[in-house]
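> would you be able to build a 3D model of this:
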Amino acid sequence: MIEEILPREVASAEAFEDDRGNHLFSEEEAAVSGAVPARRREFTTVRQCARAALGDLGIPPFPLPPGTQRAPRWPAGVVGSMTHCAGYRAAAVARTSRVHSVGIDAERDEPLPEGVLEMIGLPEERAMVGRLAARNPALSWDRLLFSCKEAVYKVFFPLARRMLGFDAVRVDIAGGGRFGARFLVPPPMAAGRAVPRVTGRWLRRDGLLLTAVALC
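Predicted structure coming up:
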């Protein structure tokens, strides 16, 4: 599904269940040596997705241990993003010659826990969520807002190398599976230029909400 909301410059792979026989490199094993079995399985499967996507770029299997702020360390000349939630794992990668940064996120189509929207949403965003929910109450718009912000963060961090709070970006969710995001802090730089705003796409299907941003 994730490929439907990514540009053709980005390779992706996804899985809907874990393969318990998947292999980890020693660097990756060290990162989950004390993890509970469920965490180990999702960690392993999402990296198998990443290796499959890298294979589409002609890159052989490569260790992908977590680095700064738990972001994966990609091979030289590659940008990428991973995501996982209950029943879904995915990865997206691209050559830096084609794409500056990419971010994907997956969430279950379920309302956020009570009080979380107030923590992650600006007043304008909360009002937007209310309007959207009034038109289509079957979709968890608050969770979609959260997912959009997660995808934007994954684009922002590799470029800026600093954290991005939920209140540092304003998201506008549009019809047709699209959204925009404006940075309210000094924006990231790409190819020597500031990027004050990014656009992305979202998809709802089979109980999942998927979001993607690719800065080309």
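> so what's the residue count around the nearest residue to residue 60 once chain neighbours are set aside?
With sequence-adjacent residues excluded and distances taken as C-beta to C-beta, 6 or more residues apart in numbering, residue 60 is closest to residue 54, at 7.9 Å. The C-beta positions use only the backbone N, C-alpha and C, and glycine is treated the same way. Applying other C-beta atoms under 10 Å, we find 22 residues neighbouring residue 54.
> return the residues in contact with residue 54.
11, 60, 61, 62, 75, 78, 80, 93 (C-beta atoms under 8 Å, 6 or more residues apart in numbering).
> phi, psi of the nearest residue to the first one once chain neighbours are set aside?
Nearest residue to residue 11 in three dimensions, chain neighbours excluded: residue 56, at 3.9 Å (C-beta to C-beta, 6+ apart). Residue 56 adopts backbone torsions of phi -70, psi -20, taken as degrees, to the nearest 10.
> ok, residue 56 to residue 98 distance?
Per C-beta to C-beta, to the nearest Å, residue 56 is found 13 Å from residue 98.
> what about stretch 43-53, distance to the chain center?
Centre-to-centre, stretch 43-53 and its host chain are 14 Å apart (C-alpha atoms, centre = their mean, to the nearest Å).
> what about the strands in this structure?
Using DSSP state E, the strands of the chain run over 11-15, 78-85, 88-95, 101-108, 169-174, 178-183, 189-190, 193-194, 197-205, 208-215.
> dump those strands to JSON lines, plus distance to residue 147 and mean pLDDT.
Compiled in JSON lines, these are given as follows (distance: least, C-beta to C-beta, whole Å; pLDDT from 0 to 100):
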{"stretch": "strand 11-15", "distance to residue 147": "15", "mean pLDDT": "98"}
{"stretch": "strand 78-85", "distance to residue 147": "9", "mean pLDDT": "97"}
{"stretch": "strand 88-95", "distance to residue 147": "12", "mean pLDDT": "98"}
{"stretch": "strand 101-108", "distance to residue 147": "5", "mean pLDDT": "98"}
{"stretch": "strand 169-174", "distance to residue 147": "10", "mean pLDDT": "97"}
{"stretch": "strand 178-183", "distance to residue 147": "10", "mean pLDDT": "98"}
{"stretch": "strand 189-190", "distance to residue 147": "22", "mean pLDDT": "95"}
{"stretch": "strand 193-194", "distance to residue 147": "25", "mean pLDDT": "96"}
{"stretch": "strand 197-205", "distance to residue 147": "7", "mean pLDDT": "98"}
{"stretch": "strand 208-215", "distance to residue 147": "4", "mean pLDDT": "98"}
